[in-house]
Structures are given as structure tokens and as C-alpha cells.
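Asker: next come a sequence and a model predicted from it.
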Amino acid sequence: MKRGFFITFEGIDGCGKTTQMDLLADYLRDVKDVPVIETREPGARGLGEKIRELLLHYEGEVSPQSEMFLFLADRAQNIETIVNPAVQARKYVLCDRHTDSTVAYQGYGRGLDIEEINMLNSIATRHRIPDLTIVIDIDVQTSLSRLGKDTDRIESEGVDFLNSVRNGYLTMAKMEPDRIKVVNGMRSIEEIQKDIIKLVNDLD
Ligand code: ADP
Ligand code: TYD
């Protein structure tokens, strides 16, 4: 392998990111025999886990702007301590949520300025851009039925919020078709996995 790859998974809550990321990691390790690491935002480990706890479970008031900066702080930590060293060591880095989540949730969902979010994302990541972003697309009813009653602070925002987030992802994919690929998530786990493997194999 000549270089590392940074692949991010995106989509509304319950779309199957974690399931598909784990399956891709198994495929890359077992079939392609390449080194892989998995990370997530918010909260891969260490400081990130503390920030995750605040973001998802803090019960007091959280302003949208402050929420955004917490996601960005977690992202900076993930990029500097986990993603960059692994990409430089020529690994495949799989990340469950990244910059596009902030544009989708805080931008399209909460209405913060998207230009500003793009600028801040770029600073938080030291300008690293994923080689491939996979958006797993499901409708909001499916999301809510998969989440059930056990939702966190952001997941409990409701139907209109999740619809705005979903439409945000689809809009971003139209704007950046080379990087962001939409996969229909309303199919079997195996069918979705096949599409994802093809997209990843097209990277080499
Ligand atoms: P996310 O990480 O995007 O929140 P998960 O991978 O944790 O999503 O999946 C959420 C739930 O939906 C889990 O119970 C998982 O088993 C289930 N699930 C994942 N993919 C599918 C699929 N293609 N069809 C039906 N259920 C799925
Ligand atoms: P998590 O439990 O990781 O959800 P999921 O399994 O759906 O990925 O919770 C992350 C929540 O944080 C999710 O509702 C999306 C939200 N989020 C943002 O609002 N902005 C962000 O920048 C990120 C990374 C996540």
C-alpha cells in the first residue's frame, strides 16, 4: 500500500454506519490484508470520551454555538491523535461521523451558518479532507423505529429536525459528488455492504 486512506461514514441516526463500518474493517483486514483502525466522533477515546459524555448527556442548557465548538474540539483531538498518525503510517482509517455531521446537524438541522461551519471544520481538521465519505441514506421513519425509545439529547430532536439533517446530507452529496457517495440504506445489510466494498476498492 503506497498511502493511507481516510474514509468517513455519515447519515442520520440508526442508518447502519456502525454495522457497515465494522463489516468493512473485517473485509479490509481479512480479505485485503491491510492495516485498519476504527475511530468515531464524538468521542473515540480519552479526552474525546469526556466531550462525548457532555454532548450527548448533559441535561442543562446547551447553546447551538457551544455545541458546535464541542464537536469541533473533539474533532481536532481525533484528527491529531488518531487519524493523522494512522494515515501517515499508511493505514485505512475508518471514522464513524466527521465534518459532514456538523454541517448536517448544526448547519442544516439547527440553522447555524454553513460557510462558518466549513471554515471551522477546516481549521479543526488542519485541512485534511476524507478520501471517501459514505452517506448511508434511510428515511426518518426507519431511523425512529430503529432508535426506539432509548434516545440521547440530539437523537430526541424529532421528525422535522431529522428530515432537515437527511436533506442536508443529500444536498452535500450533490455538491461534492467525487468525495461523497450516497448508498441506499433501506436494503439488507449484505446488499449495502457490497456497494460499500465496491466504492472502497475503486479508491486504489
Ligand atoms: P448507526 O451507527 O448509524 O446509528 P447501527 O449500525 O448502530 O447504526 O444500526 C442501528 C440499528 O439498526 C441496529 O440495531 C442494527 O442492527 C440495525 N441495522 C443496521 N443496518 C440495518 C439494515 N440494513 N437493515 C435493518 N436493520 C439494520
Ligand atoms: P452517536 O451515539 O454516535 O450516534 P450515531 O450512532 O447515530 O452516530 O451520537 C452522535 C450524535 O451526535 C448523533 O445524533 C449526531 C450528533 N452529531 C452532531 O450533531 N454533530 C457532529 O458534528 C457530530 C460528529 C455528531
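Answerer: Yep, that arrived. Residues are numbered from 1 along each chain as shown. Ligands and ions are numbered 1, 2, ... in the order given.

Asker: is residue 39 located within a strand, as I assumed?
Answerer: Yes: applying DSSP: H, G, I helix; E, B strand; the rest coil, one finds residue 39 inside a strand.

Asker: tell me the bridge partners for it.
Answerer: residue 95 (DSSP bridges).

Asker: right, and it touches residue 81 too?
Answerer: No: proximity of residue 39 to residue 81 does not meet the contact threshold set by Cβ atoms under 8 Å, at 9.5 Å. For glycine as for every other residue, the C-beta is placed from the backbone atoms N, C-alpha and C.

Asker: and residue 38, how many residues sit next to it?
Answerer: Residues lying near residue 38 (other Cβ atoms under 10 Å) number 17.

Asker: contacting residues around it?
Answerer: Residues in contact with residue 38 (Cβ atoms under 8 Å, 6 or more residues apart in numbering) are 21, 22, 25, 94, 95, 96.

Asker: can you check residue 79 too?
Answerer: Applying Cβ under 8 Å, 6+ apart to residue 79 gives the contacts 124, 125, 126, 128.

Asker: buried only: go through the residues you listed for me.
Answerer: 124, 125, 128 (16 or more other Cβ atoms under 10 Å).

Asker: hmm, back to that, what about residue 39 and residue 81, which has more around it?
Answerer: Comparing residue 39 with residue 81 by other Cβ under 10 Å, the one with more neighbours is residue 39, at 23 against 16.

Asker: against residue 16, how distant is the more buried one?
Answerer: Per Cβ to Cβ, to the nearest Å, residue 39 is found 18 Å from residue 16.

Asker: skipping its backbone neighbours, what lies nearest residue 139 in space?
Answerer: residue 186 (7.0 Å; Cβ to Cβ, 6 or more residues apart in numbering).

Asker: ignoring the adjacent residues along the chain, who's closest to the closest residue to ligand 2 within the chain?
Answerer: Ligand 2 sits closest to residue 105 of the chain, with a gap of 3.1 Å, by Cβ to the nearest ligand atom. Computed as Cβ to Cβ, 6+ apart, the closest residue to residue 105 that is not its neighbour in sequence is residue 165, at 5.5 Å.

Asker: can you count the residues close to that neighbour?
Answerer: Neighbour tally, residue 165, other Cβ under 10 Å: 25.

Asker: touching whatever helix or strand it lives in from outside, list them.
Answerer: Using DSSP states H and E, residue 165 falls within helix 159-175. Residues external to helix 159-175 that are found in contact with it (Cβ under 8 Å, 6+ apart): 10-13, 100, 103-105, 107-109, 135, 137, 139-140, 143-144, 180-182.

Asker: now the residue sitting furthest away from the middle of the chain. Its backbone dihedrals?
Answerer: The centre of the chain is farthest from one residue, residue 60, which by Cα atoms, centre = their mean lies 25.6 Å away. Reported as degrees, to the nearest 10, the phi and psi values for residue 60 are phi -80, psi -170.

Asker: now do residue 183
Answerer: Taking degrees, to the nearest 10 as the convention, residue 183 sits at phi -120, psi 130.

Asker: for ligand 2, what are the nearby residues on the protein?
Answerer: 13, 17-18, 41-42, 56, 71, 96-97, 101-102, 105-106, 152, 154-155 (Cβ under 6 Å from any ligand atom).
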